[in-house]
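Chemist: Sequence and predicted structure, then a few things I'm wondering about:
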Amino acid sequence: MSSPPYGLRAAVCAAGGSRGLGAAVGPLVPAARSRGRLPGAVTAAQGRSNRPMVEPRATRRRRRPAARSSLLYNTSCTCCGRPPPNSTHGRPCNSRRADGELKWLRTPRGASWRVSSVSEETTSSPKTVSRKVKSLKVTESAERHEAAPHPECERMQSVLRLSDLSTDDDATTCCKINQYEKKIDNLMNMVGTLKKEVKMQKMEEQEEMTMRLLEEQKEELNEVTQELVQTENENTRLRRNIERIKEEKDLTVLEKECLQQEKECLMTKLNEAERDGAAAARQIHALKNTIGRLNVEKHMSSTDINALTRQKELLLQKLSTFEETNRTLRELLAEQQCREKDAQKVLDRQAVLMKRLADADAENMQLQIRLQGKEKELESLTIQIVTEKEQAKKAYELAKAMETMKAHLQAQLRSKEVENNRLATQLRNVEISEAQLKEELELALEQQKDTKMKGDDDKEALKKAIRAQKERAERSDEYVQKLTAQLADKENAIAEVQANLESWKARCSKIVKEKDDLELEAVTLNSRIADLMEQLARVQEKTRDEHEALTDKVQQMTGENTTLKRDNEKLKAALNSMEDKLNRGQMELQHLQNSVRSYEGLIETYMTQAQNARKEADELASRLESCENENQTMRDEMNKEIEEAREKFQSQLADLEKLPEILKYTETQLAECHEQLMCYEKKNTDLCGMIADLRQLIDLQGDKMEMTRERYQSAQEEKKQLTLKVEELERKLDSTSAQNVEFLQVIAKREESIHQCQLRLEEKSRECSSLARQLEMAIEDAKRQVEQARERAVSRERAAQSKVLDLETQLSRNKTELNQLHRNKEDAERRYESRLQDLRDRLEQSESTNRSMQNYVQFLKSSYDNVFRESAFLGSPSHTRSLV
């Protein structure tokens, strides 16, 4: 509850009666209680006033204490210090003062209760939300729902009336705006969450792709390391093979020594065969001599027979030894033929192996060409991957920049919207306070009117107050009770106002706390975002470091590959030189094989001739045996005949006549025998010629055999070398075949990996194209949104600036008016307080006068009771009236 106006208090104080005070104060209390808006306005005005209140000098002069007196007629005015009937204007000063103050309150100084412009905008940010539950990716066709501003809401009102300050429309519009803002915030949050999910998915996909590429690069590095290990193993094998070849060269010297030993053995055997042949020829010559001697002597003795038998046995022995040597020679020749056949087989195998080696070398060359092509493709693919990674990084950085710009713009838009909302709430509060102030002013004007009417009534009552002094004395108690009730009501109102102030203070403290909590949450969120960005930067730096380490490893491996390729090229050059040597050796082997074949043909011809000679020798031996058998038979017959002749001679000694016939017969037989011996000698001479020819042939064959043995030994050495080389080549072929298989597997794997990489590149290119399109669409949408947001922000800023300017002007005016009203109110309150004190003093004076009057009346009553008794009771009121 607020105190009554200053003029009313002045009128009541000036009147000093009980009727006017009750009539003045009575209707104000229920009106103030029923409306209840005056204290709120006063508190609002007090809250909005910022200037220090200074008490004016007039009020300080007026608050000087008036001179108190115990007399009834010494009630003076607080302004001039004169009694009421002695005023300068013919009426009490306080009443004139109250009229002036009421006029001043009716016409407020410099008050302009108009609002220049009030505008309400209901705009909503564009809803650019496109959502897919399955894929969670932003599509190209994004739905756009834009809430167009209502045309009627954009109309500017020039003047604000009391009828336009109804809070129902404002509350509905505020609710709608808050709902739209909530919807917009929810949609923006949904868009932000979807974009974050899409970004996280993109980041996860990029991380998965990088991890896959890293794994593929690791696999390729492992394969390259395996290939390097294989090439190193091959190099070690080749080095070992070269060392083996060197060792085999050393071994060939030993083999040559062995072959020389075998050659010496063969030469000794050939020499033995020649010796046996020479001994047989000697024995035959001795037989010829013996036979010739027998032919000359024509008489055979026992010694001759024994000599013939011995020579025959010696011949037989020599022939047996000769046959044995021939058999050994045949066996050696057969062994040599077998060896030559084996050598030819080995050469055939070597030729086949060389063909296989040539094929394998051709395949290796083709595989190397393919590998070079695949390496070039891999290099091109790696370059493409690097370029695509760089493009992806650039796109990611652009997306980050766009997102940061978008977030910054959204934050600016939100801050602007918050500022606009705050300004709108301030405007509403100012409008509400203005409406309350206007209502309070209307109430004050009505109260002033009522006080004027009541002042007139009080003036009339004051004229009659002298007559109603007794009634005042009787009603003063009631007035005091009413004043105490009013004071209690005022204290209750002050308590309610204090409670409202405390509640508002608690709400303000809560709002401040919530604001601090929100700021702390924003700081924590910013710190979390910074930590997450730092973590992302660290992860990216780690991935970059790992990628650089892998690239360094790849470069090292490529350097090692280049060194190994150089080593391989050197080894290949060595192999080419070795292959040239092998080709030369093969050509020499072919020449040797041709010569060996020609020698084999000659040996075969010689062998056929030797076989024919052996057959003839066998025939001659059989003939000799038959001759010997015949000779033996002849000898036996001769012995028998000799014995018979002896018996006959002994029996027919007497028969001398028979001797010439017998001699003739024996002569004829001897002649036949001599002829046979001659033919045998001829045959022996023929056989000796044949044997000499055979010896010559055998000598020639021995020389050829020595040459062939030397060539054969050299051929065997070369054969062993070639067999070793062939074995090495077979091993190399096996290793090369295994390597070819491995290379084919590796090539197949690489082709598969290349195909997969190509497919992935195609997919990535498609994804990059789609992402580029989506980025372009998103950038275009973002640009459109940014432009729209900028336009709206500019329009809102312009409207807000205009509103802020209007509000600032209105606030400045309202502040000046409120300050003036607050000053006036404080002045009035001080006056009211001074007048209350005056009223209390006057009440005390009136109570003292009443008490003096009562004492005087009681004295008069007692005096009249004592003097007149009955007449005193009848004449006391008139007497009192006359006295008054």
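Modeler: Arrived safely. None of the values given here were measured: they were computed from a predicted structure.

Chemist: which secondary structure element contains residue 429?
Modeler: Using DSSP states H and E, residue 429 sits in helix 302-463.

Chemist: helices or strands next to that helix in the packing?
Modeler: Using 3 or more CB pairs under 8 Å, 6 or more residues apart in numbering; DSSP states H and E, the elements in contact with helix 302-463 are helix 6-15, helix 18-25, helix 28-35, helix 38-48, helix 93-106, helix 167-297, helix 469-651, helix 659-867. All C-beta spots, glycine's among them, are computed from the backbone N, C-alpha and C.

Chemist: at 7 Å instead, please
Modeler: The helices and strands touching helix 302-463, judged by 3 or more CB pairs under 7 Å, 6 or more residues apart in numbering; DSSP states H and E, are helix 6-15, helix 18-25, helix 38-48, helix 93-106, helix 167-297, helix 469-651, helix 659-867.

Chemist: can you give me the mean pLDDT across the fourth one?
Modeler: Put plainly, it is helix 93-106. Averaged across helix 93-106, pLDDT comes to 48.

Chemist: Also the third one?
Modeler: Helix 38-48 shows a mean pLDDT of 41.

Chemist: The helix holding residue 429 vs helix 659-867, what angle?
Modeler: Interaxial angle of helix 302-463 relative to helix 659-867 (axes from the mean of the first three to the mean of the last three CA atoms, to 10 degrees): 10 degrees.

Chemist: Report the rounded mean pLDDT for helix 302-463.
Modeler: For helix 302-463, mean pLDDT is 75.

Chemist: try stretch 864-874
Modeler: Computed over stretch 864-874, the average pLDDT equals 63.

Chemist: Stretch 797-815 too?
Modeler: Averaging pLDDT along stretch 797-815 yields 75.

Chemist: Kindly report the same for stretch 836-845.
Modeler: 82.

Chemist: buried set for it?
Modeler: Neighbour-count burial for stretch 836-845, with 16 or more other CB atoms under 10 Å as criterion, is recorded at 836, 838, 839, 841, 842, 843, 845.

Chemist: ditto for stretch 196-204
Modeler: Buried residues in stretch 196-204, defined by neighbour count with 16+ other CB under 10 Å: 198, 202.

Chemist: ditto for stretch 805-824
Modeler: 806-807, 810-811, 813-815, 817-819, 821-824.

Chemist: One more: stretch 354-363?
Modeler: Neighbour-count burial for stretch 354-363 flags 354, 357, 360 (criterion: 16+ other CB under 10 Å).

Chemist: mind putting the residues you listed in JSON lines, distance to residue 384 included?
Modeler: Formatted as JSON lines, those follow (distance: CB to CB, whole Å):
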{"residue": "354", "distance to residue 384": "44"}
{"residue": "357", "distance to residue 384": "39"}
{"residue": "360", "distance to residue 384": "35"}
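
Chemist: Going by distance to residue 728, which of the residues you listed wins?
Modeler: Using CB to CB, residue 357 is the member of those that lies nearest residue 728, at 10.5 Å.

Chemist: Check the gap between that closest one and residue 240 for me.
Modeler: According to CB to CB, to the nearest Å, residue 357 stands 18 Å off from residue 240.

Chemist: Same check on residue 322?
Modeler: 53 Å.

Chemist: and if you look at residue 807?
Modeler: According to CB to CB, residue 807 and residue 240 sit 99 Å apart.

Chemist: Kindly report the same for residue 451.
Modeler: Counting by CB to CB - residue 451 and residue 240 are separated by 130 Å.

Chemist: same question, residue 285
Modeler: Separation of residue 285 from residue 240 (CB to CB): 65 Å.

Chemist: Could you do residue 675 as well?
Modeler: Note on residue 675: its distance to residue 240, by CB to CB, is 80 Å.

Chemist: Check residue 278 too.
Modeler: Distance from residue 278 to residue 240, by CB to CB: 55 Å.

Chemist: Residue 191: neighbour count?
Modeler: 19 (other CB atoms under 10 Å).

Chemist: okay, it: pLDDT?
Modeler: Confidence score, pLDDT, at residue 191: 73.

Chemist: Model confidence for residue 142, exactly?
Modeler: On the pLDDT scale, residue 142 is placed at 38.

Chemist: Same check on residue 195?
Modeler: Per-residue confidence at residue 195 stands at 73 (pLDDT).

Chemist: and the gap between it and residue 350?
Modeler: Counting by CB to CB, the gap from residue 195 to residue 350 is 75 Å.

Chemist: re earlier: residue 451 and residue 240: who's more crowded?
Modeler: residue 451 (29 against 11).

Chemist: could you measure the more buried one against residue 457, distance?
Modeler: Look at residue 451 and residue 457: by CB to CB, they are 10 Å apart.

Chemist: Repeat that for residue 823.
Modeler: Computed with CB to CB, the distance linking residue 823 and residue 457 is 31 Å.

Chemist: Likewise for residue 362?
Modeler: 137 Å.

Chemist: got it, and residue 676?
Modeler: Distance, residue 676 to residue 457, by CB to CB: 212 Å.

Chemist: next one: residue 431
Modeler: Residue 431 is 38 Å from residue 457, where distance means CB to CB.

Chemist: who has more neighbours, those two?
Modeler: residue 431 (19 against 15).

Chemist: where's that one relative to residue 178, distance?
Modeler: Applying CB to CB, the value for residue 431 to residue 178 is 18 Å.

Chemist: again, but for residue 383
Modeler: Distance, residue 383 to residue 178, using CB to CB: 57 Å.

Chemist: repeat for residue 816
Modeler: Residue 816 is 33 Å from residue 178, by CB to CB.
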